[in-house]
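*Asks:* Structure for this input, please:
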Amino acid sequence: MSNSVYKFIEMVGTSATSWEDAAKSAVETASKSLRDTRVAEIKDLDMKIEDGKVTLFRATVRLSFKYQT
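*Replies:* Residues are numbered from 1 along each chain as shown. Okay, here's the model as predicted:
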């Protein structure tokens, strides 16, 4: 059995509908270019507000993936 090393990155996903969709967008986009994504952790949630209305949900996601040597 070999040892594994994992790297962490942070990404910000956005959605006009929800924080869940924003986080999902970040994970799915990262998974297109990263191999062996393992864990996603929500670090921060915020919203963009215009004229007193929420117009965008943003989720900062910390992702881990297996580091290929």
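*Asks:* which stretches of this protein form helices?
*Replies:* With helices called from DSSP state H, the chain shows them at 19-33.
*Asks:* Strands along that one, start to end?
*Replies:* Remark: strands assigned in the chain by DSSP state E are 6-15, 37-50, 53-66.
*Asks:* in its sheet, what does the first one sit against?
*Replies:* Based on DSSP bridges, the pairing partners of strand 6-15 within the sheet are strand 53-66 (antiparallel).
*Asks:* ok, residues contacting the strand it pairs with?
*Replies:* 4-19, 21-23, 26-27, 30, 34-49 (Cβ atoms under 8 Å, 6 or more residues apart in numbering). (Glycine included, C-beta is placed from N, CA and C.)
*Asks:* Drop anything exposed from those.
*Replies:* 11, 13, 15, 19, 22-23, 26-27, 30, 34, 37, 40 (16 or more other Cβ atoms under 10 Å).
*Asks:* where in the chain is pLDDT low?
*Replies:* 1-2, 69 (pLDDT under 70).
*Asks:* sorry, back to before: could you identify the most distant pair in the buried ones among the contacts of strand 53-66?
*Replies:* 19 and 34 (21.7 Å; Cβ to Cβ).
*Asks:* Please list all residues in contact with residue 9.
*Replies:* 30, 34, 62-63, 65.
*Asks:* Now with 7 Å, please.
*Replies:* By Cβ atoms under 7 Å, 6 or more residues apart in numbering, the contact set of residue 9 is residue 63.
*Asks:* Could you give the bridge partners of it?
*Replies:* residue 63.
*Asks:* next one: residue 44
*Replies:* Residues in beta-bridge contact with residue 44 (DSSP bridges): residue 60.
*Asks:* Residue 53 too?
*Replies:* Bridge pairing for residue 53 - DSSP bridges - gives residue 50.
*Asks:* Tell me how many other residues surround it.
*Replies:* The local packing of residue 53 (other Cβ atoms under 10 Å) involves 8 other residues.
*Asks:* for the one 4 residues further on, same thing?
*Replies:* Applying the criterion other Cβ under 10 Å, we find 21 residues in the vicinity of residue 57.
*Asks:* what does residue 68 give?
*Replies:* Applying other Cβ under 10 Å, we find 9 other residues in the vicinity of residue 68.
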